[in-house]
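Participant: pasting a predicted model and its sequence here:
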Amino acid sequence: AQKITQTQPGMFVQEKEAVTLDCTYDTSDQSYGLFWYKQPSSGEMIFLIYQGSYDEQNATEGRYSLNFQKARKSANLVISASQLGDSAMYFCAMRRNSGNTPLVFGKGTRLSVIA
Amino acid sequence: KAGVTQTPRYLIKTRGQQVTLSCSPISGHRSVSWYQQTPGQGLQFLFEYFSETQRNKGNFPGRFSGRQFSNSRSEMNVSTLELGDSALYLCASQPGGGRLNEQFFGPGTRLTVL
(Lines give C-alpha, C1' and ligand atoms only; values in the text may rest on other atoms or scores of the structure.)
Protein backbone atom coordinates (compact mmCIF):
# COMPACT_ATOMS: atom_id res chain seq x y z
CA ALA A 1 0.00 0.00 0.00
CA GLN A 2 1.05 3.54 -0.59
CA LYS A 3 1.18 6.19 2.11
CA ILE A 4 1.95 9.90 2.16
CA THR A 5 3.01 11.68 5.34
CA GLN A 6 2.98 15.44 5.76
CA THR A 7 4.23 16.19 9.26
CA GLN A 8 3.59 19.94 9.30
CA PRO A 9 -0.09 20.72 9.96
CA GLY A 10 0.62 24.44 9.67
CA MET A 11 3.46 26.71 8.58
CA PHE A 12 4.06 30.44 8.65
CA VAL A 13 6.38 32.30 6.29
CA GLN A 14 7.23 35.93 5.77
CA GLU A 15 6.35 37.43 2.42
CA LYS A 16 9.24 37.17 -0.10
CA GLU A 17 10.93 34.42 1.91
CA ALA A 18 11.33 30.82 0.74
CA VAL A 19 9.53 27.97 2.48
CA THR A 20 9.83 24.18 2.36
CA LEU A 21 6.84 21.91 2.86
CA ASP A 22 7.76 18.37 3.86
CA CYS A 23 6.44 15.19 2.29
CA THR A 24 7.59 11.63 2.82
CA TYR A 25 6.08 8.62 1.12
CA ASP A 26 6.04 4.91 1.45
CA THR A 27 5.67 2.52 -1.45
CA SER A 28 7.08 -0.76 -2.65
CA ASP A 29 6.64 0.25 -6.28
CA GLN A 30 9.62 1.19 -8.42
CA SER A 31 7.70 3.34 -10.85
CA TYR A 32 5.49 6.06 -9.44
CA GLY A 33 4.67 9.73 -9.67
CA LEU A 34 4.60 12.42 -7.01
CA PHE A 35 2.33 15.46 -7.14
CA TRP A 36 1.81 18.66 -5.21
CA TYR A 37 -1.51 20.46 -5.20
CA LYS A 38 -2.59 23.79 -3.72
CA GLN A 39 -6.08 24.19 -2.31
CA PRO A 40 -7.21 27.75 -1.54
CA SER A 41 -10.24 28.37 0.65
CA SER A 42 -12.43 28.22 -2.47
CA GLY A 43 -11.82 24.45 -2.53
CA GLU A 44 -10.38 23.90 -5.97
CA MET A 45 -7.29 21.67 -6.13
CA ILE A 46 -4.67 23.41 -8.24
CA PHE A 47 -1.93 21.27 -9.74
CA LEU A 48 1.51 22.68 -8.98
CA ILE A 49 4.24 20.23 -9.88
CA TYR A 50 4.97 16.61 -10.80
CA GLN A 51 8.00 14.38 -10.28
CA GLY A 52 8.39 10.93 -11.80
CA SER A 53 10.32 8.35 -9.83
CA TYR A 54 12.76 7.88 -12.70
CA ASP A 55 13.29 11.58 -13.36
CA GLU A 56 16.92 12.36 -12.64
CA GLN A 57 16.45 16.07 -12.21
CA ASN A 58 14.28 17.77 -9.64
CA ALA A 59 11.12 19.23 -11.14
CA THR A 60 10.66 22.99 -11.26
CA GLU A 61 7.67 25.11 -12.25
CA GLY A 62 8.21 28.82 -11.84
CA ARG A 63 8.52 29.57 -8.10
CA TYR A 64 7.86 25.92 -7.21
CA SER A 65 10.53 23.25 -7.08
CA LEU A 66 10.42 19.73 -5.80
CA ASN A 67 13.34 18.48 -3.74
CA PHE A 68 13.22 14.78 -4.61
CA GLN A 69 15.36 12.44 -2.52
CA LYS A 70 14.47 8.95 -3.68
CA ALA A 71 16.60 7.03 -1.17
CA ARG A 72 14.97 8.92 1.68
CA LYS A 73 11.55 8.69 0.03
CA SER A 74 10.98 12.38 0.39
CA ALA A 75 9.49 14.89 -2.04
CA ASN A 76 9.55 18.29 -0.39
CA LEU A 77 8.00 21.31 -2.07
CA VAL A 78 10.01 24.51 -2.07
CA ILE A 79 8.22 27.79 -2.74
CA SER A 80 10.56 30.68 -3.41
CA ALA A 81 9.71 34.34 -2.87
CA SER A 82 6.43 33.67 -1.05
CA GLN A 83 3.45 35.83 -1.88
CA LEU A 84 0.31 36.55 0.11
CA GLY A 85 -1.65 34.59 -2.48
CA ASP A 86 0.31 31.46 -1.59
CA SER A 87 -1.66 31.15 1.65
CA ALA A 88 -3.57 27.87 1.22
CA MET A 89 -3.58 24.16 2.02
CA TYR A 90 -0.90 22.17 0.22
CA PHE A 91 -1.27 18.47 -0.49
CA CYS A 92 1.36 15.97 -1.49
CA ALA A 93 0.07 12.97 -3.44
CA MET A 94 1.38 9.94 -5.25
CA ARG A 95 0.23 7.25 -7.61
CA ARG A 96 1.90 4.14 -8.95
CA ASN A 97 2.57 4.07 -12.64
CA SER A 98 1.29 0.55 -13.19
CA GLY A 99 -2.36 0.09 -13.89
CA ASN A 100 -4.88 2.83 -13.48
CA THR A 101 -4.42 3.70 -9.87
CA PRO A 102 -5.84 6.69 -8.03
CA LEU A 103 -3.95 9.42 -6.26
CA VAL A 104 -3.16 8.84 -2.60
CA PHE A 105 -3.04 12.09 -0.65
CA GLY A 106 -1.37 13.26 2.52
CA LYS A 107 -3.27 15.17 5.20
CA GLY A 108 -1.97 18.50 3.95
CA THR A 109 -0.08 21.50 5.31
CA ARG A 110 -1.74 24.87 5.84
CA LEU A 111 0.63 27.62 4.74
CA SER A 112 0.10 31.18 5.94
CA VAL A 113 2.11 33.96 4.35
CA ILE A 114 2.59 37.01 6.56
CA ALA A 115 3.11 40.52 5.20
CA LYS B 1 -8.71 25.36 -22.93
CA ALA B 2 -11.60 25.24 -20.47
CA GLY B 3 -10.91 23.52 -17.16
CA VAL B 4 -12.87 20.89 -15.30
CA THR B 5 -16.36 22.06 -14.40
CA GLN B 6 -18.58 20.73 -11.64
CA THR B 7 -22.22 21.45 -10.97
CA PRO B 8 -23.74 22.40 -8.71
CA ARG B 9 -21.13 24.15 -6.60
CA TYR B 10 -23.19 23.96 -3.40
CA LEU B 11 -25.96 21.65 -2.36
CA ILE B 12 -28.01 21.20 0.79
CA LYS B 13 -29.98 17.98 1.29
CA THR B 14 -31.62 16.16 4.16
CA ARG B 15 -30.95 12.68 5.44
CA GLY B 16 -32.50 9.94 3.34
CA GLN B 17 -32.58 11.98 0.14
CA GLN B 18 -30.47 11.24 -2.89
CA VAL B 19 -28.21 13.56 -4.84
CA THR B 20 -26.57 13.66 -8.27
CA LEU B 21 -23.40 15.61 -8.95
CA SER B 22 -22.04 16.36 -12.40
CA CYS B 23 -18.53 16.75 -13.76
CA SER B 24 -17.39 17.84 -17.24
CA PRO B 25 -13.71 17.03 -17.88
CA ILE B 26 -11.23 19.00 -19.90
CA SER B 27 -11.88 18.63 -23.61
CA GLY B 28 -10.09 15.55 -24.91
CA HIS B 29 -9.71 13.95 -21.49
CA ARG B 30 -11.32 10.53 -21.29
CA SER B 31 -10.78 9.67 -17.63
CA VAL B 32 -12.77 11.11 -14.75
CA SER B 33 -12.06 10.36 -11.10
CA TRP B 34 -14.10 11.33 -8.06
CA TYR B 35 -12.76 12.07 -4.58
CA GLN B 36 -14.46 12.87 -1.29
CA GLN B 37 -12.80 15.36 1.05
CA THR B 38 -13.78 15.62 4.72
CA PRO B 39 -11.95 17.22 7.65
CA GLY B 40 -11.67 13.88 9.42
CA GLN B 41 -10.75 11.49 6.61
CA GLY B 42 -9.01 13.86 4.22
CA LEU B 43 -9.13 13.10 0.51
CA GLN B 44 -10.42 9.66 -0.37
CA PHE B 45 -10.83 8.10 -3.79
CA LEU B 46 -14.36 7.12 -4.79
CA PHE B 47 -14.10 5.78 -8.35
CA GLU B 48 -12.70 6.36 -11.80
CA TYR B 49 -14.39 6.13 -15.18
CA PHE B 50 -12.69 5.75 -18.53
CA SER B 51 -14.55 5.47 -21.81
CA GLU B 52 -17.87 4.95 -20.02
CA THR B 53 -16.52 2.06 -17.91
CA GLN B 54 -15.70 2.08 -14.23
CA ARG B 55 -12.01 1.30 -14.15
CA ASN B 56 -11.27 1.60 -10.45
CA LYS B 57 -13.26 1.83 -7.25
CA GLY B 58 -12.45 2.98 -3.74
CA ASN B 59 -13.73 1.61 -0.48
CA PHE B 60 -17.14 3.24 -0.26
CA PRO B 61 -20.58 1.66 0.27
CA GLY B 62 -22.86 0.87 -2.63
CA ARG B 63 -24.88 4.02 -1.94
CA PHE B 64 -22.19 5.80 -3.92
CA SER B 65 -22.39 5.16 -7.64
CA GLY B 66 -21.39 6.85 -10.83
CA ARG B 67 -21.48 6.74 -14.56
CA GLN B 68 -19.81 8.30 -17.56
CA PHE B 69 -21.39 9.35 -20.81
CA SER B 70 -20.04 9.09 -24.34
CA ASN B 71 -18.91 12.74 -24.21
CA SER B 72 -16.81 11.87 -21.11
CA ARG B 73 -19.05 13.85 -18.76
CA SER B 74 -19.57 12.00 -15.51
CA GLU B 75 -22.15 11.94 -12.79
CA MET B 76 -22.00 10.53 -9.30
CA ASN B 77 -25.02 9.63 -7.26
CA VAL B 78 -25.39 9.19 -3.55
CA SER B 79 -28.57 7.54 -2.37
CA THR B 80 -30.06 7.53 1.13
CA LEU B 81 -27.89 10.39 2.31
CA GLU B 82 -26.33 10.27 5.76
CA LEU B 83 -24.96 13.13 7.84
CA GLY B 84 -21.45 11.76 7.27
CA ASP B 85 -21.79 12.27 3.53
CA SER B 86 -21.37 16.01 4.07
CA ALA B 87 -18.15 16.76 2.22
CA LEU B 88 -16.46 18.46 -0.67
CA TYR B 89 -16.71 16.20 -3.73
CA LEU B 90 -13.93 16.76 -6.21
CA CYS B 91 -13.76 15.55 -9.75
CA ALA B 92 -10.48 15.15 -11.61
CA SER B 93 -9.87 14.60 -15.29
CA GLN B 94 -6.90 13.21 -17.13
CA PRO B 95 -6.22 12.26 -20.72
CA GLY B 96 -6.09 8.54 -20.06
CA GLY B 97 -3.49 6.30 -21.57
CA GLY B 98 0.08 6.67 -20.36
CA ARG B 99 0.11 10.35 -19.47
CA LEU B 100 0.06 9.85 -15.74
CA ASN B 101 1.49 13.23 -14.87
CA GLU B 102 -1.65 15.09 -15.78
CA GLN B 103 -4.60 15.09 -13.43
CA PHE B 104 -6.58 18.29 -13.05
CA PHE B 105 -9.31 18.97 -10.56
CA GLY B 106 -12.54 20.90 -10.76
CA PRO B 107 -13.73 23.44 -8.16
CA GLY B 108 -15.72 20.81 -6.29
CA THR B 109 -19.29 20.45 -5.10
CA ARG B 110 -19.82 21.17 -1.42
CA LEU B 111 -22.60 18.92 -0.13
CA THR B 112 -24.24 19.55 3.21
CA VAL B 113 -26.57 16.92 4.63
CA LEU B 114 -28.93 18.11 7.37
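Facilitator: Happy to help now that I have it. Numbering: from 1, shown residues only, chains lettered A, B, ... in the order given.

Participant: endpoints of stretch B:83-92, how far apart?
Facilitator: 24 Å (CA to CA, to the nearest Å).

Participant: need the contact list for the residue nearest to the spatial centre of chain B.
Facilitator: By CA atoms, centre = their mean, chain B has its centre lying nearest to B:Trp34, at 3.2 Å. B:Trp34 makes contact with B:Cys23, B:Phe45, B:Leu46, B:Phe47, B:Glu48, B:Gly66, B:Ser74, B:Met76, B:Tyr89, B:Leu90, B:Cys91, B:Ala92, according to CB atoms under 8 Å, 6 or more residues apart in numbering or on different chains. Backbone N, C-alpha and C define where each C-beta goes, glycine included.

Participant: helix/strand/coil for the last one?
Facilitator: The one in question is B:Ala92. Applying DSSP: H, G, I helix; E, B strand; the rest coil to B:Ala92 yields a three-state assignment of strand.

Participant: quickly list what it is bridged to.
Facilitator: For B:Ala92, the beta-bridge partners are B:Ser33, B:Phe105 (DSSP bridges).

Participant: give me the number of residues near the closest residue to A:Leu84 other than its chain neighbours?
Facilitator: Once flanking residues are discounted, A:Leu84 sits nearest to A:Val113: 5.2 Å by CB to CB, 6 or more residues apart in numbering or on different chains. Residues near A:Val113, counting by other CB atoms under 10 Å in any protein chain shown, number 20.

Participant: helices or strands up against the host helix or strand of A:Val113?
Facilitator: Using DSSP states H and E, A:Val113 maps to strand A:109-114. Other elements packing on strand A:109-114 under the criterion 3 or more CB pairs under 8 Å, 6 or more residues apart in numbering or on different chains; DSSP states H and E are strand A:10-14, strand A:19-21, strand A:88-96.

Participant: packing partners of the last one?
Facilitator: So that's strand A:88-96. strand A:3-5, strand A:32-39, strand A:74-79, strand A:104-105, strand A:109-114.

Participant: chain center to it: distance?
Facilitator: 5 Å (CA atoms, centre = their mean, to the nearest Å).

Participant: which neighbours in the sheet does that strand have, and how are they oriented?
Facilitator: In the sheet, strand A:88-96 lines up with strand A:32-39 (antiparallel), strand A:104-105 (antiparallel), strand A:109-114 (antiparallel) (DSSP bridges).

Participant: what does the longest one rub up against?
Facilitator: Contact with strand A:32-39 is made by A:2, A:21, A:23, A:25, A:45-53, A:64, A:66, A:68, A:75, A:77, A:86, A:88-97, A:103, A:108, B:100-101, B:103, B:105, as judged by CB under 8 Å, 6+ apart.

Participant: now the buried members of the residues you listed.
Facilitator: For the contacts of strand A:32-39, a burial check counting by 16 or more other CB atoms under 10 Å in any protein chain shown picks out A:2, A:21, A:23, A:25, A:45, A:47-51, A:53, A:64, A:66, A:68, A:75, A:77, A:86, A:88-97, A:103, A:108, B:100-101, B:103, B:105.

Participant: so how far is the first residue of stretch B:44-64 from its last?
Facilitator: Stretch B:44-64: ends 13 Å apart by CA to CA.

Participant: quickly check: that stretch near chain A or not.
Facilitator: Yes - contact of stretch B:44-64 with chain A (CB under 8 Å from any CB of the partner chain) involves B:Phe45, B:Glu48, B:Phe50, B:Arg55, B:Asn56, B:Gly58.

Participant: quick one on the thing from earlier: want to throw the helices and strands packed on strand A:88-96 into TSV with distance to A:Gln14?
Facilitator: Output for the helices and strands packed on strand A:88-96, formatted as TSV (distance: least, CB to CB, whole Å):
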stretch	distance to A:Gln14
strand A:3-5	26
strand A:32-39	19
strand A:74-79	12
strand A:104-105	28
strand A:109-114	6
